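Student: can you look at this prediction? I've put the sequence above it.
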Amino acid sequence: MTTPLPAGVSANTEAAQKFKTEMGFQQPQPGVTGPLYPYCKNPGVVHCPGDKRYQLKVGTGYSGPYSWDSFSGGYYLNGEGQTATAKILKKRTNITRPSDKFVWAEGADMRGENTGGWSMIDGSAVNNFNDAKFVDSPAAFHITSADFNFADGHAEGHKWLDGTTIAFANDTSQSKDAGGPTQTAANNHVNVDAIWCASRQAQKQNP
């Protein structure tokens, strides 16, 4: 199922690795068809023109920051968040407010292509998500905002209101998602941006 290399691109070159990364949305893992590929064959559909990480160097796994896919799926939508069985949603009908719950979020992981979900310490609905914290970096490919796609099919740009969120999103350090200073700054107070994301992340406590 893997798309052959374009004419003139030799195997084991940086150009070949970039092409394979870009086509990862076709088959992210052996035996797994990318959810968008049956509807659109163009890898540009998963790339935001404002996302400049495609200009970075290719590496292996998280050792090189090159990335093409600007979006990550919601962590609890039958993805890697399945270990949190109390929160995961497995069916589309589990989402009771589809216009209010995102499926895809722009993320700015600087460690390389993020093949997992976009995650955060989502906090508690009972506490109005005031205890929410960022784990994966949000993006700010649009200077101070990021795009989200929702379960009802609409997309919208969301403007970040907290300067620490913007600093975290625009940080180009590879360690930023692992306790870096901009992540710490974004999470050391009640962050209205984290609250906004957590309240729109589909999961059982807030479907």
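Tutor: That came through fine.
Student: and the spatially closest residue to residue 191 that is not a sequence neighbour, how far is that from residue 3?
Tutor: Spatial nearest neighbour of residue 191, excluding adjacent residues (C-beta to C-beta, 6 or more residues apart in numbering): residue 162 at 5.2 Å. Placement of C-beta: from N, CA and C, glycine included. Residue 162 sits at a distance of 41 Å from residue 3 (criterion: C-beta to C-beta, to the nearest Å).
Student: how about residue 183?
Tutor: From residue 183 to residue 3 the distance is 35 Å (C-beta to C-beta).
Student: who has more neighbours out of those two?
Tutor: Remark: of residue 183 and residue 3, residue 183 carries more neighbours, 23 against 14, as counted by other C-beta atoms under 10 Å.
Student: pLDDT of the helix or strand where the more buried one lies, averaged?
Tutor: Taking DSSP states H and E as the criterion, residue 183 maps to helix 181-187. Averaged over helix 181-187, pLDDT sits at 98.
Student: next one: stretch 58-77
Tutor: pLDDT averaged over stretch 58-77 gives 79.
Student: now do stretch 105-124
Tutor: Mean predicted lDDT for stretch 105-124 stands at 89.
Student: and it, end to end?
Tutor: The first and final residues of stretch 105-124 sit 20 Å from each other (C-alpha to C-alpha, to the nearest Å).
Student: any buried residues in the helix or strand that contains residue 166, and which?
Tutor: Residue 166 belongs to helix 163-170 when assigned by DSSP H and E. By 16 or more other C-beta atoms under 10 Å, the buried positions in helix 163-170 come out as 164-170.
Student: dump those into JSON lines; add pLDDT as well.
Tutor: Shown next, in JSON lines, are those (pLDDT from 0 to 100):
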{"residue": "164", "pLDDT": "98"}
{"residue": "165", "pLDDT": "98"}
{"residue": "166", "pLDDT": "98"}
{"residue": "167", "pLDDT": "98"}
{"residue": "168", "pLDDT": "98"}
{"residue": "169", "pLDDT": "97"}
{"residue": "170", "pLDDT": "96"}
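Student: quick one: which of those residues is nearest residue 158?
Tutor: Taking C-beta to C-beta as the measure, residue 158 lies nearest residue 165 of the buried residues of helix 163-170, at 10.4 Å.
Student: show me where the chain has strands.
Tutor: 71-73, 102-106, 120-121, 133-134, 145-150, 155-159 (DSSP state E).
Student: need the winner for burial among those strands.
Tutor: Most buried of the strands of the chain, by mean neighbour count (mean count of other C-beta atoms under 10 Å): strand 102-106, with a mean of 23.
Student: remind me what that one packs against, helices and strands.
Tutor: Judged by 3 or more C-beta pairs under 8 Å, 6 or more residues apart in numbering; DSSP states H and E, strand 102-106 is in contact with strand 71-73, strand 145-150.
Student: the longest one vs strand 102-106, what angle?
Tutor: Just to be clear, that refers to strand 145-150. 150 degrees (axes from the mean of the first three to the mean of the last three C-alpha atoms, to 10 degrees).
Student: before we move on, back to that, in JSON lines, list the buried residues of helix 163-170 along with distance to residue 18.
Tutor: Shown next, in JSON lines, are the buried residues of helix 163-170 (distance: C-beta to C-beta, whole Å):
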{"residue": "164", "distance to residue 18": "32"}
{"residue": "165", "distance to residue 18": "30"}
{"residue": "166", "distance to residue 18": "28"}
{"residue": "167", "distance to residue 18": "29"}
{"residue": "168", "distance to residue 18": "26"}
{"residue": "169", "distance to residue 18": "24"}
{"residue": "170", "distance to residue 18": "23"}
